[in-house]
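> okay, sequence plus prediction incoming.
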Amino acid sequence: MGLFKNYVSQTRKPEGFLGKMMVNGMNGGHAKLADWGMSHLKTIAPQEIVELGCGGGRNASALMEKYPSSKVTAIDYSDVSVRIAADVNAEAIREGRCTVQQGDVSALTLPEGKYDLATAFETIYFWPGLEKCFGQVAKVLKPGGVFLIVNESDGTDKTGLKFENIIEGMKCHTVEEIESALKQAGFSKVKSDHHKSKPWITVLAKK
């Protein structure tokens, strides 16, 4: 149980050998969830994207594939994640299409009003105060910009709540909690979708 707890706790801020294992596992293990979430992006053609809590960088790559003319800035709190994400997207970085950097979503140092799209896959569980962090996201989005949130847990499923009890600092939020925090942070239009057979949720918010 001790090793298992140490391993799953790496989801918060991957570090060291176990962190590398976790991040590499995330790239494959969460692909179907991420692709389902991205399928909700149907009417936008973003040029500037910020991928928050980018993990191993797989989703940054998928976003560039979905939007071939876009540029992606990938941000993560973990230096292990930043290194792996940079390696995964090395070619795009050389081409000037991608930047990977360490950062804190509760105090973003990105240019204000720059991005058309912000994404957060399997990461807001660990954000220190949703309203505050969502306010930071709103700050860096252009007027009319879109914020996409994709979670494996809807805040009520047994598996999500089990991991919430194991991993320090983890909080599985309900759709209602997410939508309320987004509106308090200044987002004008919020809509959500719940997977038909899984506890997966996607929330889209417009600035």
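Looks like it came in fine.
> shouldn't Asp157 be in contact with Pro199?
Yes: Asp157 is within contact range of Pro199, at 3.8 Å (criterion: C-beta atoms under 8 Å). From N, CA and C alone the C-beta is placed, and that goes for glycine too.
> any idea whether Glu65 is helix, strand or coil?
helix (DSSP: H, G, I helix; E, B strand; the rest coil).
> can you check Gly96 too?
The three-state assignment at Gly96 reads coil, by three-state DSSP.
> where does this protein have low pLDDT?
By pLDDT under 70, the low-scoring segments of the chain are 1-29.
> which one of Asp157 and Pro199 has more residues nearby?
A direct count of neighbours by other C-beta atoms under 10 Å for Asp157 and Pro199 places Pro199 higher, at 17 against 14.
> what sits against the more buried one?
Shown in contact with Pro199 (C-beta atoms under 8 Å, 6 or more residues apart in numbering): 152-154, 156-157, 159-160.
> got the CA coordinates for stretch 195-205 in CSV?
Taking Å, rounded to 0.1, in the frame of the first residue of the first chain, the C-alpha atoms of stretch 195-205 are listed here in CSV:
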residue,chain,number,x,y,z
HIS,A,195,-20.1,10.7,-20.9
LYS,A,196,-23.0,8.3,-21.5
SER,A,197,-21.4,5.4,-19.8
LYS,A,198,-18.4,6.7,-17.8
PRO,A,199,-18.0,9.4,-15.1
TRP,A,200,-16.0,11.5,-17.6
ILE,A,201,-17.0,15.2,-17.8
THR,A,202,-16.2,18.0,-20.2
VAL,A,203,-16.9,21.6,-19.3
LEU,A,204,-16.6,24.4,-21.9
ALA,A,205,-16.5,28.1,-20.8
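> for it, the distance to its chain's centre please.
14 Å (C-alpha atoms, centre = their mean, to the nearest Å).
> for that stretch, which positions count as buried?
Across stretch 195-205, burial judged by 16 or more other C-beta atoms under 10 Å covers 199-205.
> closest to Pro68 out of the residues you listed?
Pro68 lies nearest to Leu204 out of these, by C-beta to C-beta, at 21.8 Å.
> list of residues touching whichever helix or strand that closest one is part of?
In this structure, Leu204 is located in strand 201-206 according to DSSP states H and E. Defining contact as C-beta under 8 Å, 6+ apart, one finds that strand 201-206 is touched by 36-37, 40-41, 134, 144-151, 153-154, 175, 178-179, 182, 187-195.
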